[in-house]
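K.L.:
can you look at this prediction? I've put the sequence above it.
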Amino acid sequence: MCYKIALNFEDGVTRFIECKEGEKVLDAAFRAKINLPMDCSDGVCGTCKCRAESGSYDLGDDYIDDALTADEAKAGLVLTCQMKPTSDCVIAVPTTSTACKTGQQKFAATVAEIASHNDAAIVLELDVEAAAPAFLPGQYVNIDVPGSGQSRSYSFSTAPGEQKIGFLIKKIPGGVMSNWLERAAVGTKLELTGPLGSFYLREVKRPLLFLAGGTGLAPFLSMLEVLAWENSQQEVHLIYGVTRDLDLVLVDEIETYAARLPNFSFATVVAEEASIHPRKGWVTQHMPAEVLHGGDVDVYLCGPPPMVDAVRKHFDDSGVKPKSFHYEKFTPNAVAKEAA
Ligand code: FES
């Protein structure tokens, strides 16, 4: 039996490795030609200390307290030279991919479908040529825009493991990707780099609050699909805020999750004054106290920088400190590589 281990490096690069039953993560990484930090490999020095973000594992019993204290172990820290996974795991590695002699991966895909929604956003679907790319729900890739010498970053809107991958792209007049998509043809080959980013769904332990700004909806579609696969019973509330009425896209798709996830609810919000939408304003104005659970909630946000700042201020003003707050700021040109 093999487990899939996602190694998420400090520079946002994620590499997936296979770890055999009873194998130590450090050895599995070495087999995959990834040199994780290490020195003694005997559980003595602590150099290989990483953080296990999710999954189950055996910490090993051959290390000393100086290398990993009981409190550190309780907080999710592990020694990769001792750790033996007993399920798929995500491990945050506190150094860059290049320091571990690895880096970003490239893969090819072919345009399968381009669908415009309200002339405000485009759903781009790609067929992956080789094996379906491994990624964590919420992560993004860089897509090389043919003929431009430039790339743009987009979060996957589909779940990991599918042969068809999807992206939700904001239509920007004069934008490099928008211009290319206007004349792009099905069957065109594209080159992608990734997966990237530290914005991904962690182990679900408490209610979730998803806050999406515009096409920042994409990573949540990926997360919702994974939660539906897992038959999650956890409470999930999505607030999807946009600027104009026509920016509200894929609401039908969101509605399907209300049928598939027993404790999923969502609300749409439109900011512009002239909107005819029943909920107008900003997402923070439509965030009732019950979705914050007095702070016993994991919050995920993907949206433009002012939205991140406004939500932070809202938490400060309301005196609610969520158990965790993960966010990804994006600008029209790129996903900013910033998360917490
Ligand atoms: Fe020294 Fe793991 S490499 S404790």
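P.N.:
Thanks, I have the structure now.
K.L.:
for residue 124, which non-adjacent residue is closest in space?
P.N.:
Nearest residue to residue 124, sequence neighbours excluded (C-beta to C-beta, 6 or more residues apart in numbering): residue 167, at 4.7 Å. For the C-beta atoms, the positions are set from N, CA and C on the backbone; glycine is no exception.
K.L.:
am I right that that neighbour is in a strand?
P.N.:
Yes - residue state for residue 167 (DSSP: H, G, I helix; E, B strand; the rest coil) corresponds to a strand.
K.L.:
how close does residue 288 get to residue 325?
P.N.:
Here the criterion is C-beta to C-beta, to the nearest Å. By it, residue 288 lies 18 Å from residue 325.
K.L.:
likewise residue 196?
P.N.:
20 Å.
K.L.:
higher neighbour count, the two?
P.N.:
More crowded of residue 196 and residue 325, by other C-beta atoms under 10 Å: residue 196, with 23 against 19.
K.L.:
that one reaches residue 142, doesn't it?
P.N.:
Yes - here residue 196 reaches residue 142: they are 7.0 Å apart, a contact under C-beta atoms under 8 Å.
K.L.:
where do the contact lists of these two overlap?
P.N.:
residue 153 (C-beta atoms under 8 Å, 6 or more residues apart in numbering).
K.L.:
could you say which helix or strand holds the residue in the stretch 151-300 of the chain that the ligand sits nearest to?
P.N.:
Nearest residue of the stretch 151-300 of the chain to the ligand, counting by C-beta to the nearest ligand atom: residue 198, 23.2 Å away. Assigning secondary structure by DSSP states H and E places residue 198 outside every helix and strand.
K.L.:
ok, it touching residue 8?
P.N.:
Yes - assessed by C-beta under 8 Å, residue 198 is found in contact with residue 8 at 6.1 Å.
K.L.:
give the residues shared as contacts by the two.
P.N.:
Joint contacts of residue 198 and residue 8 (C-beta under 8 Å, 6+ apart) are residue 92.
K.L.:
and residue 56, how many residues sit next to it?
P.N.:
Residue 56 has 12 nearby residues by other C-beta under 10 Å.
K.L.:
where's it relative to the ligand, distance?
P.N.:
20 Å (C-beta to the nearest ligand atom, to the nearest Å).
K.L.:
OK, contacts around that residue?
P.N.:
By C-beta under 8 Å, 6+ apart, the neighbours of residue 56 are 85, 86, 87, 89.
K.L.:
ok, 7 Å please
P.N.:
Applying C-beta atoms under 7 Å, 6 or more residues apart in numbering, one finds that residue 56 lies in contact with 86, 87.
K.L.:
now swap in residue 214 and tell me
P.N.:
Residue 214 makes contact with 170, 242, 243, 247, 303 under the criterion C-beta under 7 Å, 6+ apart.
K.L.:
my guess is the last one contacts residue 213, does it?
P.N.:
Think residue 303. Yes - look at residue 303 against residue 213 with C-beta atoms under 7 Å: they come within range, at 2.3 Å.
K.L.:
looking at the two, which has the bigger crowd around it?
P.N.:
residue 213 (28 against 24).
K.L.:
I'd guessed the more buried one sits against residue 300; true?
P.N.:
No - applying C-beta under 7 Å as the test, residue 213 and residue 300 come out as separate, 11.9 Å apart.
K.L.:
name the single longest helix found in the protein.
P.N.:
helix 305-318 (DSSP state H).
K.L.:
tell me which other helices or strands it touches.
P.N.:
strand 298-303, strand 324-331 (3 or more C-beta pairs under 7 Å, 6 or more residues apart in numbering; DSSP states H and E).
K.L.:
the residue nearest to the spatial centre of the chain and the ligand, how far apart?
P.N.:
Among the residues of the chain, residue 138 comes closest to the average C-alpha position under C-alpha atoms, centre = their mean, at 1.9 Å. Distance, residue 138 to the ligand, using C-beta to the nearest ligand atom: 29 Å.
K.L.:
contacting residues for the closest residue to that residue other than its chain neighbours?
P.N.:
Spatial nearest neighbour of residue 138, excluding adjacent residues (C-beta to C-beta, 6+ apart): residue 200 at 3.8 Å. Going by C-beta under 7 Å, 6+ apart, residue 200 touches 136, 137, 138, 139.
K.L.:
most neighbours, which of these?
P.N.:
Of these, with other C-beta under 10 Å as the count, residue 139 tops at 27 neighbours.
K.L.:
now that one: phi and psi?
P.N.:
phi -80, psi 170 (degrees, to the nearest 10).
K.L.:
that'll do, ta.
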